[in-house]
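Participant: Sharing a sequence plus its predicted fold:
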Amino acid sequence: MNKTLRLILGDQLNSNHSWFNTVDDSVVYVLMEIRTETDYAQHHIQKVVGIFAAMQSFATALKSKNHQVEYIHLNDKGNLQSFEKNIENLILKYNFTHLEYQIPDEYRVDLILKNLCNSISISSSAVDSEHFFTTRNELGDFFEGKKSFLMESFYRSMRKKHNVLMEGDKPLTGQWNYDGDNRKKLPKNHKPVLPLVFDNDVSKVLEEVHKSNIKTIGIIDAKNFVWPINREQSLQLLDFFATECLQLFGSYQDAMTPNEWSLYHSRISFSMNVKLISPQEVIARAIEEWEKRPNEIEYHQLEGFVRQIIGWREYMRGIYWLKMPEYANLNFFNNQEKLPDWFWTGKTKMYCMKDAITQSLNYAYAHHIQRLMITGNFALLAGVHPDEIDAWYLGIYIDAFEWVEITNTRGMSQFADGGIVGTKPYVSSATYIDKMSHYCGSCYYKKALKVGEKSCPFNSMYWNFYDKNEDKLAKNPRIGMMYKVWQKMKPEDKTALLEQAAYYLKNINEL
């Protein structure tokens, strides 16, 4: 009798996959909690526990629909702690004749499963995960023969192809992109909507993780785990975003303020990245809400959100599959420094860094501008090796999987790819941070000071970055103005800035 084993990865919890349309007694689904997946990076404890809790919930839901499920828990006696060994063991134990899997999103896992299929004695096949708008190779095909990979042109083609916010072949309202309307600072006395959080009890999962002595970072409240761990909660969070947050999402998507970890962001990236919900239904829900309340939800709030999902997310995945594995070794500036120690504790006198890092340790979450223009900005100015910053981002955020993490950090944030993803490095002095946040007024360092004991480290390090990388950046048309400013400075002012930066970089762990 033919028997099929189907592997479901921890980020493939898609209950709408065509696999589950029929119940077949000759098909067994396997999910496994294994050390090779917990240990390839040092992850946030909430990430490890969240994925395992979601996997367990998914397996229970499959069983309730009469599917055959083999679930391998972290500390099960027979757990051989790798995909290969566990699958080989299951084939022998149950006499499976065929192995199937959904194509993984990470290059590392893709390689593991391809090698496994070449080594086992039974037939095997792979199917699509049925989650994304695009195939792995679609972006590469779209940009074939082109020198640059402009996200905006890809985004427009996606809107057309999938008929999202379109009127025939023209964009609804006649304008494609409203990014210029979405850069507002939060008004001083504005109190954002309280975030919807869950009170999942994941203490049993946590106990098993602790028993295994897995090295993790961050903290967790196991009795009140705030993240969604099943489809129902994920849809609830999406609904909350649409009804309570969408109307101000666009305006304040780049804003930062102390002690407000959620603001108007959707926080559905974890649910989407483990496939509890799909990008198609996320966009449909947001558009549905805007259509219901066009007088309350301005169009630019919606467009900014849609662009993140159908544009940026799909674009980053396409770049990943086009450029890996070489992408993981790119280091355009040849940066070599280690991350400051306080990236793991949040214990720094820089208020913006302290708030963004502490929030990340507490919630396994920070929004895109905190990642790009606070922690990422500092790491780039400090000359941190891209491997170091990759490992930190991949580990600390609950939504971080390599396909979306590495293109955002090594590309967008660190410009280590030399401009494949971004057209310029995203660096700034205190001026931008003060413009978009409420950090600077309460900081130990003074935003207006460029040199001296309490001068903001971002200021001198900013000019040091441009000076150090002039040979690589001076001809970049988007930053030529900065070099004109730098060239017009008095020699003594330049020297003072570079000396101040050198002092801060030498004493980086004391900042």
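Facilitator: Yes, it's here.

Participant: Spit out the contact partners of residue 51.
Facilitator: 10-11, 274 (CB atoms under 8 Å, 6 or more residues apart in numbering). Quick note: C-beta positions are derived from backbone N, CA and C, even for glycine.

Participant: Test my guess that residue 425 contacts residue 478.
Facilitator: No: counting by CB atoms under 8 Å, residue 425 stays clear of residue 478, with 9.4 Å between them.

Participant: The two - which one has more neighbours?
Facilitator: residue 425 (25 against 12; other CB atoms under 10 Å).

Participant: Mind naming the longest helix for the protein?
Facilitator: Longest helix of the chain, by residue count under DSSP state H: helix 45-64.

Participant: Which parts of the stretch 151-300 of the chain are strands?
Facilitator: 166-167, 170-171 (DSSP state E, counting those that start in this stretch).

Participant: now these as CSV including distance to residue 433 and mean pLDDT?
Facilitator: Below are these laid out as CSV (distance: least, CB to CB, whole Å; pLDDT from 0 to 100):
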stretch, distance to residue 433, mean pLDDT
strand 166-167, 37, 94
strand 170-171, 33, 94
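
Participant: The ones you listed: which one's closest to residue 288?
Facilitator: Set against residue 288 and scored by CB to CB, these come closest in strand 166-167, at 16.0 Å.

Participant: ok, and what's touching that closest one?
Facilitator: Residues from elsewhere that reach strand 166-167, judged by CB under 8 Å, 6+ apart: 159-160, 172.

Participant: what pairs with it, and is each one parallel or antiparallel?
Facilitator: Strand 166-167 pairs in its sheet with strand 170-171 (antiparallel), by DSSP bridges.

Participant: Would you mind pulling the contact partners of the partner strand?
Facilitator: 156, 159, 165.

Participant: now swap in stretch 316-326 and tell me
Facilitator: 105, 107, 132, 134, 136-140, 142-143, 149, 154, 327, 402-404, 406-408, 411, 417, 420-421.

Participant: at 10 Å what do you get?
Facilitator: Residues outside stretch 316-326 that contact it (CB atoms under 10 Å, 6 or more residues apart in numbering): 105-108, 110-111, 132-144, 149, 151, 154, 327-328, 330, 401-408, 410-412, 417, 420-421.

Participant: Please tell me I have it right and residue 429 contacts residue 458.
Facilitator: Yes: here residue 429 reaches residue 458: they are 5.2 Å apart, a contact under CB atoms under 10 Å.

Participant: between the two, who's got more neighbours?
Facilitator: residue 458 (27 against 20).

Participant: Identify whichever of the strands of the stretch 151-300 of the chain lies nearest to residue 15.
Facilitator: Closest of the strands of the stretch 151-300 of the chain to residue 15 is strand 166-167, at 29.3 Å (criterion: CB to CB).

Participant: check contacts around residue 311.
Facilitator: 133, 151-152, 154-159, 164, 176-177, 303.

Participant: Tell me the one of the contacts of strand 166-167 nearest residue 391?
Facilitator: The shortest gap between residue 391 and any of the contacts of strand 166-167 belongs to residue 159, at 34.9 Å (CB to CB).

Participant: And that closest one, what's its pLDDT?
Facilitator: Note on residue 159: pLDDT of 96.

Participant: okay, now it: neighbour count?
Facilitator: By the measure other CB under 10 Å, the count of residues near residue 159 is 20.

Participant: re earlier: so of the contacts of stretch 316-326, which ones are in strands?
Facilitator: Among the contacts of stretch 316-326, DSSP state E puts none in strands.

Participant: Only whichever of those residues are buried, select them in ChimeraX.
Facilitator: Those of the contacts of stretch 316-326 that count as buried under 16 or more other CB atoms under 10 Å are selected in ChimeraX with:
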select :105,106,107,110,132,133,134,136,138,139,142,143,149,151,154,327,328,330,401,402,403,404,405,406,407,408,410,411,412,417,420,421
